[in-house]
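# model this:
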Amino acid sequence: MSAETSQNRKEYAERLKKFKKIIKAEKPLIHHITNNVTVNDCANITLNWGALPVMAPAVEESAQMVENASSLVLNLGTISSCQLESMLKAGKRANELGIPIVLDPVGVGATKFRIEAAQKILAELKISIIKGNQGEISFLAGKEAEVRGVESIGEYKNTAEAAEELAKKLGAVIVVSSEIDLLSDGRQLSEINRGHPLMGKVVGTGCMLGSTLGVFAAAAKNSNLSLFEAAQTAVYYYSLAGEKAAEKELTPAKFKIEFMDAIYKLRF
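Predicted structure coming up:
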């Protein structure tokens, strides 16, 4: 497992330069079918990275909208039957066009409907990146997991194994968000020990990470970097922005503002 060193910090910095250059030149459109609770936050974080957000959940237009997009972000936070249909239509069109899809299976394992929705998406679509908490990723990997509402509870000792197995099974990059984030593409495993506890006190930081992964996945298409490298870079700098924000504010509402600004400042 690779952990942070001075060498890979330099690598992350070089990658970020490449991604920023691509994002600035292309202003990629990131199509979201996402969580109604955090949709505004997802739009703003996408814009702060320099990309263009669009939120088009309607069944009548989701597939057409994705034709102009550079990535598609699917979030199950407030999933409904209509939204699931829209996700599948947009996802199938994205697959046809080679557009990367990021899936955030929020709350999978909490209810039968969420389980069935996630299973249907994974059965019918080729997903590029899956981001979830320990419980969500463990559940998708067929491991023991406990999810209450949209939160993972309990202790997980085999998260790395679950991530690797799921990555191999689905051919996707798996991102496990936790106190120490884990990433795997089935061949390599990386941990990122960055961020700040206040990130867990703000509703939407997980969803915004999904949007961030969508931005970097879009930029990776026109670079010589892999999706795994894109995800690593996204998670590293997203978490670093949390650290920077906590240097200025230690209450959740003010921290959120500083965090958004810290992401924006990374563009320059």
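
# what about the helices in the stretch 151-268 of the chain?
Ranges of helices within the stretch 151-268 of the chain are 159-170, 205-220, 227-246, 252-265, based on DSSP state H, counting those that start in this stretch.

# avg pLDDT for the longest one?
Mean per-residue pLDDT for helix 227-246: 97.

# report all helices and strands that that helix contacts.
helix 6-26, strand 173-177, strand 181-184, strand 189-192, helix 205-220, helix 252-265 (3 or more Cβ pairs under 8 Å, 6 or more residues apart in numbering; DSSP states H and E). C-beta coordinates here come from the backbone N, C-alpha and C atoms, glycine included.

# including mean neighbour count, could those go into CSV?
Formatted as CSV, the helices and strands packed on helix 227-246 follow (neighbours: other Cβ atoms under 10 Å):
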stretch, mean neighbour count
helix 6-26, 15
strand 173-177, 28
strand 181-184, 25
strand 189-192, 20
helix 205-220, 28
helix 252-265, 17
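
# tell me which of these lies nearest to Glu61.
Between Glu61 and those, the shortest gap by Cβ to Cβ is with helix 205-220, which sits at 18.5 Å.

# what's the closest one packed up against?
By 3+ Cβ pairs under 8 Å, 6+ apart, helix 205-220 packs against helix 6-26, strand 29-33, helix 39-48, strand 71-75, strand 101-104, strand 129-133, strand 173-177, helix 227-246.

# for the second one, list the C-alpha coordinates in PDB.
Output in PDB follows, covering the C-alpha atoms of strand 29-33 (Å, rounded to 0.1, in the frame of the first residue of the first chain):
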ATOM      1  CA  LEU A  29     -19.300  20.100 -18.400                       C
ATOM      2  CA  ILE A  30     -20.100  17.800 -15.400                       C
ATOM      3  CA  HIS A  31     -23.600  16.400 -15.700                       C
ATOM      4  CA  HIS A  32     -25.000  15.600 -12.300                       C
ATOM      5  CA  ILE A  33     -28.100  13.500 -11.300                       C
END
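
# which strands border that strand, and is each parallel or antiparallel?
strand 52-55 (parallel), strand 71-75 (parallel) (DSSP bridges).
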